[in-house]
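[1] My questions are about this predicted structure, shown below with the sequence.
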Amino acid sequence: INAEYGNFSVLMSVEAITVFPSEWPYSAADFRKEDEAHDEIFYHQPRFVNHIDDEAIKSLKEYCLTQLPVPSLVNPPKLVDVASSWVSHFPQTFNSSNSYVIGIGMNKIELEANLLLSRRVVKDLNQDTNIFSSEEYGTIDAVICNVSIDYFTKPRELLGSIGVVLK
């Protein structure tokens, strides 16, 4: 990742971050939200905003080009966009003809506006961390969660459910 911060640059390889604690270092209290109201209340109203700036979007798309399966008309990769919205930050080479993208998000109107999505699932992943069963969609080639992992109240359980459906 190459990022500019004022007068200095930061270059970091995601692969370089491989040291993890031997035990889960967090408690449920660490993931408690300040506002304990149901998420459906907040997400009832669509918000057509970008949550990251243009440079972050560009960097994310460049990274996805190196990590995601290649789009294909013959054998389209099956991808999941967790915490999806009206945009998915996939590179321009991905489209609904050469990729099957399942978007899971909180607002139906925002998901319907996302033309990349082949399937839209409205779901509160803080209430039910199982993204879906592999019987429902088969196995998945890749999952992205661009800017929302820090919002989930049970990220470990959510990531575990993602691991079950990945190839």
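    Looks like it arrived, so ask away.
[2] Need the phi and psi values for the closest residue to Glu40 other than its chain neighbours.
    Nearest in space to Glu40, with sequence neighbours left out and distances taken as Cβ to Cβ, 6 or more residues apart in numbering, is Asp124 at 6.3 Å. C-beta: built from backbone N, CA, C; applies to glycine. Main-chain torsions, Asp124, degrees, to the nearest 10: phi -90, psi 100.
[3] repeat for Leu68
    As for Leu68, its main-chain torsions (degrees, to the nearest 10) stand at phi -90, psi 150.
[4] and it, what pLDDT?
    Predicted confidence (pLDDT) for Leu68: 93.
[5] wait, what's in contact with Arg120?
    The neighbourhood of Arg120, defined by Cβ atoms under 8 Å, 6 or more residues apart in numbering, consists of 84, 102-103, 105, 108, 111-112, 114.
[6] Just the ones of these in helices?
    Helix and strand membership here follows DSSP state H; of the contacts of Arg120, those in helices are 108, 111-112.
[7] And Pro155, how far from His89?
    Relative to His89, Pro155 is positioned 19 Å away (Cβ to Cβ, to the nearest Å).
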